[in-house]
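Enquirer: got a structure for you, letters missing:
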């Protein structure tokens, strides 16, 4: 194996393959998560999912394909993700009227639906969680850390006031830290 001190990235990628956690996928930057590697994910995901549900969040699933116009409405999303986007322009043998972006993150589509679902302060807080995969055309892949397609968790919430939003933010940071420190480490 490549020595860690010589090339950390190469060493890491070789290590997770040798440990039979993953295998390189058929497309550059993709991975096949092998059973032992996926079991680790399941344990981490189950613990975090329990914490999320115990805190009153509901799981939901949003589309993998997002109209390009959703991202363009929020220029910072296009600017930040533009080089990493995978875009579908043909489907069913026909050119699409509007290109579809393969989910790099779900803020734009989730925000669209949260706005539909919230009619008044009585609908708050709205606490959503999504377990999904996302696609970002990664230029320097590292298995589990930076791959073209990866497993993903994202929480989206709406609150009546800033105090409640900050309380939620701090809860989420503590939950992530606890999983990383107490379970993963």
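Expert: Perfect, I can see it now. Just so we're clear, the structure is a prediction, and the values are computed from it rather than from any experiment.

Enquirer: Can you point out the buried residues in the top helix by length along the chain?
Expert: In the chain, assigned by DSSP state H, the helix with the most residues is helix 35-54. The neighbour-count check on helix 35-54 (16 or more other C-beta atoms under 10 Å) flags 37, 44, 47, 48, 49, 51, 52 as buried. C-beta coordinates here come from the backbone N, C-alpha and C atoms, glycine included.

Enquirer: Output these as TSV; include the columns pLDDT and distance to residue 11.
Expert: Listed next are these as TSV, based on pLDDT from 0 to 100; distance: C-beta to C-beta, whole Å:
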residue	pLDDT	distance to residue 11
37	97	17
44	96	23
47	97	28
48	97	28
49	98	32
51	98	33
52	98	34
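
Enquirer: Same list, those residues, but as CSV with distance to residue 168 please.
Expert: Formatted as CSV, the buried residues of helix 35-54 follow (distance: C-beta to C-beta, whole Å):
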residue, distance to residue 168
37, 31
44, 21
47, 19
48, 15
49, 17
51, 13
52, 11
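
Enquirer: Check those against residue 64 and report the nearest one.
Expert: Checking the buried residues of helix 35-54 against residue 64 by C-beta to C-beta gives residue 49 as the nearest, at 20.0 Å.

Enquirer: quick revisit: ok now whichever helix or strand comes after the longest helix of the chain, how far from the chain's centre?
Expert: Following helix 35-54 in sequence order, the next helix or strand is strand 58-59 (DSSP states H and E). Put simply, strand 58-59 sits 15 Å off its chain's centre (C-alpha atoms, centre = their mean, to the nearest Å).
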